[in-house]
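Participant: Task: produce atomic coordinates for the following.
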Amino acid sequence: MYPHERSLVARLADKPFALIGVNSDPKDRVKSAMDRENITWRSFWDGGSTNGPIAAAWNVSGWPTIYVLDHKGVIRFKGVRGEAMDKAVDQLLAEIEGGER
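Facilitator: Predicted structure coming up:
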């Protein structure tokens, strides 16, 4: 999953795109994973528990959960990965460029 996310961040570096992670692992495991996996995007720590405040606010019940939000903060896609995530993000960027929504 991380290699795909890294490639997405690199491909969209000059676009209005942000990848944000939320991690519920213990803090020492989060730091180790961020270093090992070269995670350069913003990633929030959710208290070291799957019952953290971010997971609760977003109704996350399984990990990983992926939400793709549009430029207005509306969840437009959920659970997309790999090529499906690329298509979702590209669609939303095309909408911005075309002045849609």
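
Participant: hey, let's count contacts and neighbours off CA atoms from now on
Facilitator: Will do.

Participant: For the residue nearest to residue 65 when sequence neighbours are not counted, give me its contacts.
Facilitator: Leaving aside its sequence neighbours, residue 65 sits nearest to residue 79 (CA to CA, 6 or more residues apart in numbering; 6.0 Å). Counting by CA atoms under 8 Å, 6 or more residues apart in numbering, residue 79 makes contact with 65, 66, 67.

Participant: could you measure residue 79 against residue 28, distance?
Facilitator: Taking CA to CA, to the nearest Å as the measure, residue 79 falls 27 Å from residue 28.

Participant: Residue 86 now?
Facilitator: 30 Å.

Participant: if you count what's nearby, which of those two comes out ahead?
Facilitator: Neighbour totals were compared for residue 86 and residue 28, and residue 86 leads with 14 against 9 (other CA atoms under 10 Å).

Participant: Tell me the spacing between the more buried one and residue 17.
Facilitator: Counting by CA to CA - residue 86 and residue 17 are separated by 12 Å.

Participant: who touches the longest helix seen in the chain?
Facilitator: In the chain, taking DSSP state H as the definition, the longest helix is helix 82-98. With contacts defined as CA under 8 Å, 6+ apart, helix 82-98 is touched by 1, 4, 8, 15, 16, 68, 70, 71, 77, 80, 101.

Participant: And these, which of them are buried?
Facilitator: 8, 68, 70, 80 (16 or more other CA atoms under 10 Å).

Participant: Contact partners for the first one?
Facilitator: With contacts defined as CA under 8 Å, 6+ apart, residue 8 is in contact with residue 86.

Participant: Can you tell me the SS state at it?
Facilitator: Three-state assignment for residue 8 (DSSP: H, G, I helix; E, B strand; the rest coil): helix.

Participant: Alright, that wraps it up for me.
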